[in-house]
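>>> Task: produce atomic coordinates for the following.
(2 chains)
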Number of protein chains: 2
Amino acid sequence: MVPHLLTAANGPILALEKKLLDATPAIERWFRLEWQEHTPPFYASVDVRNAGFKLAPIDTNLFPASIHLLSDDTLPLAVQAAMAAIDKYCPDARHLLLIPDAPLRDAGDLRNLVRLASVLRQTGLEVRFGSLDPSLTHAISLPLEDGGTVLLEPIARQGKRIGLHNFDPCAILLNNDLSAGVPALLQGLAGQVVLPPLHAGWSVRRKSRHFTAYQEVSKRFAKAFGIDPWSLHPIFVACKIHQESVAKGLAQVQEAVDHVLKQVRAKYKEYGISHQPFVIVKGDAGTRGQGVISIKDSAEFLQQSTALMAELQAMSASSKVLELVVQEGVPTVETVDAAAAEPVVYTLDRYVVGGFYRVNAERGRDENLNAPGMRFKPLPFASSCNTPDCLAQAKTNRFNAYGVVARLALLAASIELERTDPDQALHGN
Amino acid sequence: MVPHLLTAANGPILALEKKLLDATPAIERWFRLEWQEHTPPFYASVDVRNAGFKLAPIDTNLFPASIHLLSDDTLPLAVQAAMAAIDKYCPDARHLLLIPDAPLRDAGDLRNLVRLASVLRQTGLEVRFGSLDPSLTHAISLPLEDGGTVLLEPIARQGKRIGLHNFDPCAILLNNDLSAGVPALLQGLAGQVVLPPLHAGWSVRRKSRHFTAYQEVSKRFAKAFGIDPWSLHPIFVACKIHQESVAKGLAQVQEAVDHVLKQVRAKYKEYGISHQPFVIVKGDAGTRGQGVISIKDSAEFLQQSTALMAELQAMSASSKVLELVVQEGVPTVETVDAAAAEPVVYTLDRYVVGGFYRVNAERGRDENLNAPGMRFKPLPFASSCNTPDCLAQAKTNRFNAYGVVARLALLAASIELERTDPDQALHGN
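Here you go, the predicted structure:
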């Protein structure tokens, strides 16, 4: 089920969107059966691009810091989904320790925390905030815009459990993507449920692994519903640049760019698409859009690679290998106030609970919008259908297609996490 | 979690409501643990009465025919809850046979069916309608107000399965309360999930059994949260009138009326309540408010009993025993357009998904509103909280208390169904 949210694009429903809408019962059953085999991540946000001729996820975040960007009216859906998730992972839980990013970046981060805690409290949990920042030795009150405060406390470890002063949590929710690695504090815990699991952090995750799983999932889905799989997934190639052979590495990336562009050109020709193909080159791990470049020709890569190298190096100073993904660029047809926009779909457990737009007036439709200048716009529910043609209106639910594609990415994330689970025996692999 | 719906009553939150609101995380955990032990009915609607000094369910319907009375904006919650339910009972299901009341009574019944089917389709099911009416020998199209139609088909039985022409359902959803007994067509089915189970029908159910379970549940809950259990449950006594000794039976009912009134008077005195106590006398089985009388004195019972007897006899002509419940009347403080109103809370699986008011301008606050003259008013979501004091606004969620009490009734229904399950071994009894 995908709630009917009001999208910015209000043109006619495109062929692919219509196909997905018309197949709703069969698609929902398809997911229902998939979720018997796979366990969705606790929560996620999926960046989706609607190019008109194709619709694909371009990034899947397993530590979403954006629940405050959802429209208020979608929150009951979030609470209900969170109830289902808590019931599955830790049905007895009374205390939940929420671990935010360290350091917290801005007021938005605090709003996210406050709302996340508010949703979790409504599932029957006492929620407190513990920081991974080792320099935090005593609790601090962070001021909120409305005059309230968030109490951030130092985490203490005792044996194989962590907690706060007078607070022994049954469950630990990470809202920190562990880009800097898994701190010793969190390693080897026992008797406490950690959500999502530690290997969902960026020290283990690779976008290439995610998109490999996504490619498999979307192929199966596309076959079941008579769709060209390319209309759902971005073509990609993973590359590595070793520090001892940078020139060779750069040449390989250029080859990869050429290879992807060639395939995309062939597809564009097949469908008579006049758009100029482009690719996105980005780090195979990491988040927040750093070091993401958009190019239309492999020669451009060398021009932009210095900055890219510096940026990527800064992200993983100790690494001797630069892992990159060269991914087909998916232009977005959506605009908000004339600026390029892409929908971000927020999920809790297996459920799509809401969405928002990432809007960036300083970037084009062929560029990464997750960059300075971006702002966000919640997607509210479409005006409720109080006329008998409610069903007819549901047929124009453009957000439905975004919800389907986001859940394909969610399924890919589940499979990706099974494959990287240190205790793979659990999944029969 | 109880969504924040807009109630008609907008006075200050009463002490009991505040107590329930303040204890939200603990209450939600209490329910979470209870649902580990008990399985909620597939769906239900609970009539709740808010007297100001007490808040209690007065009727629990396990075959609600009112999903069309929910506000449109609550429907995504219904779909999400239905997904959870289908996933639990029949995760592989592709086809669902929906069995409505026979005969269907009015346009509202059809709207209910259409919406129920629409919700279920969004969980990934193909839904068709089969009638229990044995006189229906071929499919008929029932016209809808919007020009559409509902196709009602005759049910065919093959061995231990039922179905429609070219439609072999995995799941059967009853939206028919089986007041007339369980037809042979439905008996002894195997390999198909019947929701809710057959013993949830009124040929087996008794209100006294439900309210016995409710009394136990509400006592436990009240103890856990420091509340006088009386503030949550209506005092009641079950009586029987045998046809061969009607006079004796009537005298016993009078005694029961006196007994309940005496207890209520004592409670009113304890709390300094100036309201005049009253009791409701109604059949122990059955629905739709027939034969329900409201009296303030046991002498009134004899005056009204002739009509009652005739009405009740008509409901169960073959029965030699009249089973009655004498229940403490709970006045309602709620009004809609100056008419007495009571909230009805709609649940799917364990979730409160919406509600509506039953309004009756021809009845008083001390009377059964489920009677000729009643109309309905959906409860929409309270205006969304787009200011930082969202939390403050949530503290005025009056509907929260209704959702808590309705879920206590839901829990009671679960226990009641366990106790009447013909295959009790399943529940370890």
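>>> what residues are up against the closest residue to residue A:361 other than its chain neighbours?
What sits nearest to residue A:361 in space, not counting adjacent residues and going by C-beta to C-beta, 6 or more residues apart in numbering or on different chains, is residue A:339, at 3.7 Å. For glycine as for every other residue, the C-beta is placed from the backbone atoms N, C-alpha and C. Contacts for residue A:339 (C-beta atoms under 8 Å, 6 or more residues apart in numbering or on different chains) come out as A:359-361.
>>> Inside strands: which ones of the residues you listed?
Per DSSP state E, strands hold the following members of the contacts of residue A:339: A:359-360.
>>> Now the buried members of the contacts of residue A:339.
Applying 16 or more other C-beta atoms under 10 Å in any protein chain shown to the contacts of residue A:339, the neighbour count classes A:359-360 as buried.
>>> Which of the contacts of residue A:339 sits closest to chain B?
residue A:359 (18.7 Å; C-beta to the nearest C-beta).
>>> Just grab the bridge partners of that closest one for me.
Beta-bridge pairing of residue A:359 under DSSP bridges involves residue A:341, residue A:375.
>>> what about residue A:269, neighbour count?
Around residue A:269 there are 9 other residues, counting by other C-beta atoms under 10 Å in any protein chain shown.
>>> How about residue A:170?
So residue A:170, with other C-beta under 10 Å, has 18 neighbours.
>>> The residue lying closest to residue A:224 once chain neighbours are set aside: which element?
Distance criterion C-beta to C-beta, 6+ apart; nearest residue to residue A:224, sequence neighbours excluded, is residue A:30 at 6.1 Å. Assigned by DSSP states H and E, residue A:30 belongs to helix A:24-37.
>>> Could you list the alpha-carbon positions for that helix in CSV?
The C-alpha coordinates for helix A:24-37 follow below in CSV (Å, rounded to 0.1, in the frame of the first residue of the first chain):
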residue,chain,number,x,y,z
THR,A,24,-1.7,-2.7,-7.6
PRO,A,25,-3.3,-5.9,-6.1
ALA,A,26,-0.8,-8.2,-7.8
ILE,A,27,2.1,-5.9,-6.9
GLU,A,28,1.1,-5.8,-3.3
ARG,A,29,0.8,-9.6,-3.2
TRP,A,30,4.3,-9.8,-4.8
PHE,A,31,5.7,-7.7,-2.0
ARG,A,32,3.8,-9.6,0.7
LEU,A,33,5.4,-12.9,-0.5
GLU,A,34,8.8,-11.3,-0.7
TRP,A,35,8.6,-10.1,2.9
GLN,A,36,8.0,-13.6,3.9
GLU,A,37,11.5,-14.4,2.7
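>>> so what secondary structure elements neighbour it?
Helix A:24-37 sits against helix A:207-224, helix A:398-420, helix B:75-89, with contacts defined as 3 or more C-beta pairs under 8 Å, 6 or more residues apart in numbering or on different chains; DSSP states H and E.
>>> Could you measure from the residue nearest to residue A:361 over to chain B?
According to C-beta to the nearest C-beta, to the nearest Å, residue A:339 and chain B sit 22 Å apart.
>>> Pop out the phi and psi values for that residue.
Dihedral angles of residue A:339 (phi, psi; degrees, to the nearest 10) stand at phi -100, psi 150.
>>> Equivalent analysis for residue A:144, please.
Residue A:144 has phi and psi values of phi -100, psi 160 when expressed as degrees, to the nearest 10.
>>> now swap in residue A:297 and tell me
Torsion angles, degrees, to the nearest 10, at residue A:297: phi -160, psi 140.
>>> what comes up buried for the helix holding residue A:30?
By neighbour count on 16+ other C-beta under 10 Å, the buried set for helix A:24-37 is A:24-25, A:27-32, A:34-35.
>>> One more: stretch A:410-429?
By 16+ other C-beta under 10 Å, the buried positions in stretch A:410-429 come out as A:410-418, A:421.
>>> Report how many residues lie close to residue A:206.
Counted with other C-beta under 10 Å, residues neighbouring residue A:206 total 18.
>>> do residue A:118 as well
Counted with other C-beta under 10 Å, residue A:118 comes out at 18.
>>> again, but for residue A:182
Applying other C-beta under 10 Å, I find that residue A:182 has 14 neighbouring residues.
>>> and whatever residue of the stretch 201-350 of chain A ends up closest to chain B, what is it in contact with?
Using C-beta to the nearest C-beta, the single residue of the stretch 201-350 of chain A nearest to chain B is residue A:350, 8.0 Å away. Contacts for residue A:350 (C-beta under 8 Å, 6+ apart) come out as A:31, A:35, A:40, A:81, A:407, A:410, B:83.
>>> Local confidence estimate at the residue nearest to the second one when sequence neighbours are not counted?
If I follow you right, that is residue A:35. The shortest distance from residue A:35 to any non-neighbouring residue, by C-beta to C-beta, 6+ apart, is to residue A:350 (5.2 Å). pLDDT for residue A:350: 96.
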